[in-house]
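Engineer: Give me a model of this one.
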Amino acid sequence: MYRLLAVFYLLTIAPVLSHSQDQHLIYAGETYALYPFTLDDKPSIPSPLTTDDGDEFVVCLTKGDNYVIIPVTVENGEPLDYNEGRWYGKGRQLDVDSLDFSTLAATGLHADSELTDTKTITGRLVDAITSIAQPREYSNVGFISHDEDMVSVLLGDNRLVRQLGLTHPDLARPLFHVFNVILTVKRDSKRGNIRAILYNDREIYLTFWGAKGWQESIFEDEILGYWQIEMWREFDEDELALLSRHYSDIPPENRAELVRSLTYIHTGEMVPYYIMRYGFYEGHTEYRADPIAITSIFGLRSAEELENIFKGRLPAAIKNHHVFPSGALDTSAIDR
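Structural biologist: Residues are numbered from 1 along each chain as shown. Below you'll find the model as predicted:
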């Protein structure tokens, strides 16, 4: 069940905004019409594509096997506030909590010492955030598991992302691209017509749906959650063979679980904002967008590169909870 407050909004009375049909993209001398215009053939552009002007685009595949090009620029846009009936703005997608995490704002990664010394985030005590983030508090499933706390989760995932050779903005960006696709297609009669996003030569399948209300944030911020989002892709034969080769000692059902962990995410739109702003992917709950899974699904690292990084410890790196200080933080799967 989606974690929701008892706040309801009828989409039938939400404003319907028009989408310009004369927008176009010029790339390598070719002119392409943008969504909702459809193409029979796959356009000869990278996906994702960032232009010299900083505009970002992805190519999507429709349920009718046509192609569309959708602008997905990550930016601070019009307010997105379900409480105020604002359903179409991008909100503050570039904001980072620089007051609490100056190193995160400057480098895209936390300083471990800065995290371990953190007592408040956005003015709210970390202990209070930990309390309301656990299951059956602000939400039924929770934002972290019972054995995790806010600092342990931030610290554990920061170490994971550092070991991946990436930054939190690197991992927030593809999730924002997905959400910006949703913001675009939800406006018109083609809503739900997108079945996949082409991303770094992968087909990433997408389903999304709303609920009867929305989720409040555990931080003192404007971030709200309404959408359920599923993203997944299929491993190719070489990727499956690699995992079989390196994890031949674990039962087949555990290898299947590992494959699913590397190829499937169920989350909501709160998470990319949380990642960009705080480096927070949620703890080990069903709404977690695991850094390794994001990396694998969106092609930021290949399966071979991930195995070279974790050297036989991929299952532990994905599955182990970030437990600290009530228990020792398990860094065996993430430290060299």
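
Engineer: all strands of the chain, in order?
Structural biologist: 24-27, 30-33, 49-50, 56-62, 67-71, 120-121, 124-125, 194-199, 202-209, 228-232, 264-267 (DSSP state E).

Engineer: shaky segments in this protein?
Structural biologist: Counting by pLDDT under 70, the chain has low-confidence residues at 1-22, 189-191, 324-336.

Engineer: Nearest to the spatial middle of it, which residue is it?
Structural biologist: residue 175 (3.8 Å; CA atoms, centre = their mean).

Engineer: Roughly how far does that residue sit from residue 265?
Structural biologist: 9 Å (CB to CB, to the nearest Å). The C-beta positions use only the backbone N, C-alpha and C, and glycine is treated the same way.

Engineer: what do the two both touch?
Structural biologist: 289, 294 (CB atoms under 8 Å, 6 or more residues apart in numbering).

Engineer: Stretch 48-55: end-to-end distance?
Structural biologist: 10 Å (CA to CA, to the nearest Å).

Engineer: contact partners of it?
Structural biologist: With CB under 8 Å, 6+ apart, stretch 48-55 has contacts from 25, 27, 56-58, 71-73, 174, 177, 199-200.

Engineer: List the buried residues of it.
Structural biologist: Residues 48-49 are the ones in stretch 48-55 that count as buried (16 or more other CB atoms under 10 Å).

Engineer: ok, now stretch 198-207?
Structural biologist: 198-199, 202, 204-206.

Engineer: What remains of the contacts of stretch 48-55 if I keep only buried residues?
Structural biologist: By 16+ other CB under 10 Å, these give 25, 56-58, 72-73, 174, 177, 199 as buried.

Engineer: Could you dump these into CSV and include distance to residue 292?
Structural biologist: Shown next, in CSV, are the buried ones among the contacts of stretch 48-55 (distance: CB to CB, whole Å):
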residue, distance to residue 292
25, 32
56, 24
57, 26
58, 22
72, 23
73, 26
174, 14
177, 19
199, 16
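
Engineer: Return the member of the residues you listed nearest to residue 89.
Structural biologist: residue 73 (13.2 Å; CB to CB).

Engineer: so which pair among the buried residues of stretch 198-207 is furthest apart in space?
Structural biologist: 202 and 206 (12.1 Å).

Engineer: now the helices for the stretch 151-300 of the chain?
Structural biologist: For the stretch 151-300 of the chain, helices defined by DSSP state H, counting those that start in this stretch occupy the ranges 168-185, 237-246, 252-263, 270-278, 291-297.

Engineer: Format those helices as a markdown table; extra columns: distance to residue 225.
Structural biologist: Converted to a markdown table, those look like this (distance: least, CB to CB, whole Å):
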| stretch | distance to residue 225 |
| --- | --- |
| helix 168-185 | 11 |
| helix 237-246 | 31 |
| helix 252-263 | 22 |
| helix 270-278 | 4 |
| helix 291-297 | 18 |
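
Engineer: who wins for proximity to residue 159 among those?
Structural biologist: Once those are compared by CB to CB, helix 291-297 is nearest, at 9.8 Å.

Engineer: Flag every buried residue along the closest one.
Structural biologist: Quick answer for helix 291-297 (16+ other CB under 10 Å): 291-297.

Engineer: same thing with stretch 67-83?
Structural biologist: Counting neighbours by 16+ other CB under 10 Å, the buried set in stretch 67-83 is 67-70, 72-74, 77, 80, 82.

Engineer: coming back round to it: between the buried residues of stretch 198-207, which is closest to residue 128?
Structural biologist: Using CB to CB, those come closest to residue 128 at residue 206, 35.1 Å.

Engineer: Test my guess that that closest one contacts residue 194.
Structural biologist: Yes - contact status for residue 206 versus residue 194: in contact at 6.1 Å, counting by CB atoms under 8 Å.

Engineer: anything in contact with each of the two?
Structural biologist: residue 181.

Engineer: Report the beta-bridge partners for residue 69.
Structural biologist: residue 59 (DSSP bridges).

Engineer: wait, isn't it in contact with residue 62?
Structural biologist: No - taking CB under 8 Å as the definition, residue 69 is not a contact partner of residue 62, at 11.7 Å.

Engineer: Kindly tell me how buried residue 165 is, as a neighbour count.
Structural biologist: A count of neighbours around residue 165, defined by other CB atoms under 10 Å, yields 12.
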